[in-house]
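Participant: Need a 3D model of the sequence below.
(2 chains)
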Amino acid sequence: MSEIDLTASLTITDRAQSVLRSLEDDRDEPVAIVLNDGCCDGMGPVALDASMVGANDVRIGSDGGIGVYAPRTKASLREGYNVIIDVTEATGVGSFSLEVPLGYRFTADEFKDERGKEA
Amino acid sequence: MATETIDQYELLIDGELVPAASNDTLKTLNPATEDPIGDVAAGDAEDIDRAVESASDAFPAWRDTPPQERGRVLTAIADAIRKNADRLARIETQDNGKPLSQATTDVEDCARYFEYYAGIADKIHGDSIPLTTEYVDYTLREPLGVTGQIIPWNFPISLVGRTIAPALAAGNVAVAKPAEQTPLTALEVGKLALDAGLPPGVLNVVPGFGAEAGAALASHPAVNGVSFTGSVVTGQQVAKMAVDNVTPVHLELGGKSPNVVFPDADFETAIDNTITAIFGTAAGQVCSAGSRLLVHEEIHSEFVDALTTRATELSVGPGMEDHDVGPLVSADQYDKVRKYLDIGRDEAGEPVAGGEAPERSGYFIEPTIFDHVDNDMRIAQEEIFGPVLSVIEFSDEQEALELANDVDYGLVAGIFTSDVGRAHRFARDVRAGQVYINEWFAGGVETPFGGYKQSGFGREKGLEAIRSYTQLKNVCANIDV
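Facilitator: Model (predicted):
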């Protein structure tokens, strides 16, 4: 794992941080977020034990001590993007992301302009 | 349109329908209406333990069942699926959202997998290897034991057949974890299989959340093989969990597949197949979608104009009404694709077709085409997994090949041309597990399927799946002692 700083800004909302803290408390270990694309699982950000972050995932930022990662080749595509990680209550969604059994799902809003920054 | 009422679904463990140990349930929704259609027992690690124990107990007898008898049972399962095809297709459409005609095809695919592997059950054998005269050497191809199938939501019943039928044919037993968005038809097939004569415990079906049931299955020390279809990041997690037990894994992890069209292609065939490749199957939610159209500069304008006309003519609506394009499977998938519509506008400007989510209930997205895309844009590199096509222009064969290969993924690639040499040069040089020539989605249950690069490893379908679900033992005897 390595760190690059291509993202214009990265924010994890307070409510998302609250859910992440709860997951960390339950699991008694740090949790990280990987921004994923593709296929029939993990459509949004995937919350996973930090120890499970891949060797080719790079950290594109952090907020509140929570690291946010992306696969190396996809990380560079986020140059100049603002990223806001939020959480919403969810039914009928799924993935290996740790928050889903609790009835939540994390979301990622990614944009290059000022849109949504107030969120 | 009334939603067919499906009340309580339970886990299928050891031949019995049982609640989750926790008594927890999850809701599965109709993505065309966003209404719940069933409460499904949500299995967790304790339920996976029960299922794996049942499968382990069932394994010796199933392994030792004469192969032709295993084949007969699989044939009976295929027959049962066909007899229930209409009902299964309706359940699939309500659970997944896909058009009823596509769900009907998927049900037949499931039956076909059981039928195909039924015929293979008594033809799985090793080799004899010539050594010096004092030795007799031969190989035995033996089942792995308990296998775990983590099944995705985009082709739920089809993937039940694809992942489970070869496992059972080879003498394995199975614990399937269907996707939490679409668990119903896996349970239905499990029940039909029991009625068709499959012994209890040989196939267990445990719906549940990935982080709970899925992780428990992937990391279970008594599971001897894992099949996973899904995203790269989750596939990596599954592989890490399995490797702690030195359990072999098969990963099928998606794609960003190039659909390459040359001026000498049959124009209408290429148009028809381009529509099918990205809009006409599961609303683009398919790993092997042709999501990047690479079109030669000589026909670029004409081709995109014709494609735009066709795309805008596609009907979008509930799967039960059998429109051309159904809803996306879930709220998170819907939100993700809408996000990519914004990213696409930022990168490539207004789409030439679609680009909107219709104002209605349900997770619908218009068939969308972004033209003048550069291959280094996010909408060309990231798997959107929806009805969104990125069009990239090329000038010659070499550039087409370079663009085709310039993604992390390598699941499928297609080419439309009347030049046989060009088609096969492309097939030789493209880095993908499947190559389609003049027909997208060419092939069948008989043809091996799997990825190069980040699209995963291992092969399903065809005879290759039997190799994935067996292990080889070499026996060498000195006969002159």
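
Participant: what comes up buried for stretch B:214-233?
Facilitator: Neighbour-count burial for stretch B:214-233, with 16 or more other Cβ atoms under 10 Å in any protein chain shown as criterion, is recorded at B:214-220, B:223-233. To be clear about C-beta, it is placed using only N, CA and C from the backbone, and glycine gets the same treatment.

Participant: Looking at those, which are in strands?
Facilitator: In this view, the buried residues of stretch B:214-233 that belong to strands under DSSP state E are B:Gly225, B:Val226, B:Ser227, B:Phe228, B:Thr229.

Participant: what's B:Phe303 in contact with, if anything?
Facilitator: B:Phe303 makes contact with B:Val261, B:Phe267, B:Ala270, B:Ile271, B:Val295, according to Cβ atoms under 8 Å, 6 or more residues apart in numbering or on different chains.

Participant: which residue is nearest the centroid of chain A?
Facilitator: The residue lying closest to the centre of chain A (Cα atoms, centre = their mean) is A:Ile33, at 3.5 Å.

Participant: any idea which helix or strand carries that one?
Facilitator: When secondary structure is defined by DSSP states H and E, A:Ile33 falls within strand A:31-34.

Participant: Could you name the helices and strands sitting against that strand?
Facilitator: Contacting strand A:31-34 under the criterion 3 or more Cβ pairs under 8 Å, 6 or more residues apart in numbering or on different chains; DSSP states H and E are the following elements: helix A:14-27, strand A:46-49, strand A:66-71.

Participant: what does the stretch 351-481 of chain B put close to chain A?
Facilitator: Applying the criterion Cβ under 8 Å from any Cβ of the partner chain, the portion of the stretch 351-481 of chain B that neighbours chain A consists of B:Asp376, B:Met377, B:Arg378, B:Gln381, B:Glu382, B:Glu383, B:Ile384, B:Phe385, B:Asp408, B:Tyr409.

Participant: Quick check: the farthest pair among the residues you listed?
Facilitator: For these, the maximum inter-member distance is 19.8 Å, found between B:Asp376 and B:Phe385 (Cβ to Cβ).

Participant: rewinding a little: and which of the contacts of B:Phe303 is nearest chain A?
Facilitator: Closest approach to chain A among those (Cβ to the nearest Cβ): B:Val295, at 22.7 Å.

Participant: Output the residue of the stretch 101-250 of chain B whose distance to chain A is smallest.
Facilitator: Closest approach of the stretch 101-250 of chain B to chain A (Cβ to the nearest Cβ) occurs at B:Gly230, with a separation of 3.1 Å.

Participant: Relative to B:Gln434, how far out is that residue?
Facilitator: Applying Cβ to Cβ, to the nearest Å, one obtains 18 Å for the distance of B:Gly230 from B:Gln434.

Participant: One more: B:Tyr340?
Facilitator: On the measure of Cβ to Cβ, B:Tyr340 and B:Gln434 end up 24 Å apart.

Participant: now B:Ile271
Facilitator: On the measure of Cβ to Cβ, B:Ile271 and B:Gln434 end up 21 Å apart.

Participant: Which residue is the nearest non-sequential neighbour of the residue of the stretch 351-481 of chain B found nearest chain A?
Facilitator: Of the residues in the stretch 351-481 of chain B, the one nearest chain A is B:Glu383, at a distance of 3.2 Å by Cβ to the nearest Cβ. Spatial nearest neighbour of B:Glu383, excluding adjacent residues (Cβ to Cβ, 6 or more residues apart in numbering or on different chains): A:Gly38 at 3.2 Å.

Participant: quick check, that neighbour in a helix?
Facilitator: No: inclusion of A:Gly38 in a helix is not indicated when DSSP: H, G, I helix; E, B strand; the rest coil is applied; the result is coil.

Participant: so where's chain A uncertain?
Facilitator: Within chain A, the stretches with pLDDT under 70 are A:1-3, A:41-43, A:114-119.

Participant: Neighbours of the residue of the stretch 351-481 of chain B closest to chain A, how many?
Facilitator: Close neighbours of B:Glu383, defined as other Cβ atoms under 10 Å in any protein chain shown, add up to 28.

Participant: can you tell me which residues contact it?
Facilitator: Applying Cβ under 8 Å, 6+ apart, we find B:Glu383 in contact with A:Asp37, A:Gly38, A:Cys39, B:Gly254, B:Gly255, B:Lys256, B:Ser291, B:Tyr409.

Participant: Try it again at 6 Å.
Facilitator: With Cβ atoms under 6 Å, 6 or more residues apart in numbering or on different chains as the criterion, the residues that contact B:Glu383 are A:Asp37, A:Gly38, A:Cys39, B:Gly254, B:Lys256.

Participant: Most neighbours out of those residues, which is it?
Facilitator: B:Gly254 (31 neighbours).

Participant: Tell me which stretches of the stretch 351-481 of chain B form helices.
Facilitator: When secondary structure is read from DSSP state H, counting those that start in this stretch, the stretch 351-481 of chain B shows helices at B:378-381, B:397-405, B:420-429, B:462-468.

Participant: Go ahead and report the secondary structure state at the residue lying closest to B:Leu88 once chain neighbours are set aside.
Facilitator: In space, not counting the residues next to it along the chain, B:Leu88 is nearest to B:Val107; the distance is 4.7 Å by Cβ to Cβ, 6+ apart. When the structure is reduced to helix, strand and coil (three-state DSSP), B:Val107 reads as helix.

Participant: Quick check, B:Val107 in contact with B:Arg87.
Facilitator: No: B:Val107 lies out of contact with B:Arg87 (Cβ atoms under 6 Å); the separation is 9.2 Å.

Participant: Pretty sure B:Ser301 sits in a strand.
Facilitator: No: assignment of B:Ser301 by three-state DSSP gives helix, placing it outside any strand.

Participant: and it, how far is that from chain A?
Facilitator: 28 Å (Cβ to the nearest Cβ, to the nearest Å).

Participant: and A:Arg21, how many neighbours does it have?
Facilitator: By the criterion of other Cβ under 10 Å, A:Arg21 has 14 neighbours.

Participant: Walk me through the domains of chain B.
Facilitator: Here the domain assignment for chain B is B:8-253+B:455-474, B:258-444, based on automatic domain parsing.

Participant: Span of the first one from start to end?
Facilitator: For domain B:8-253+B:455-474, the first and last residues are 48 Å from each other (Cα to Cα, to the nearest Å).

Participant: which bits of chain B sit near chain A?
Facilitator: For chain B, the residues in contact with chain A under the definition Cβ under 6 Å from any Cβ of the partner chain are B:27, B:29, B:152-154, B:179-181, B:209-212, B:214, B:230-231, B:233-234, B:236-237, B:253-254, B:287, B:330-333, B:336, B:346, B:378, B:381-383, B:408.

Participant: Looking at those, which are in strands?
Facilitator: Among the residues of chain B next to chain A, the members found in strands (DSSP E) are B:Lys27, B:Leu29.

Participant: quick one on the thing from earlier: among the contacts of B:Glu383, which two are most distant?
Facilitator: Taking Cβ to Cβ as the measure, these span a maximum distance of 10.2 Å, between A:Cys39 and B:Lys256.

Participant: Narrow the residues of chain B next to chain A to those in helices?
Facilitator: Per DSSP state H, helices hold the following members of the residues of chain B next to chain A: B:Val233, B:Thr234, B:Gln236, B:Gln237, B:Ala331, B:Asp332, B:Gln333, B:Lys336, B:Asp346, B:Arg378, B:Gln381.

Participant: Most neighbours among those residues, which one is it?
Facilitator: B:Thr234 (32 neighbours).

Participant: and residue 63, what is it in contact with?
Facilitator: With no chain named, the answer covers chain A. Applying Cβ under 6 Å, 6+ apart to A:Asp63 gives the contacts A:Leu10, A:Thr11, A:Ile12.

Participant: right idea, wrong chain: chain B
Facilitator: When the contact criterion is Cβ under 6 Å, 6+ apart, the partners of B:Arg63 are B:Pro143, B:Gly171.
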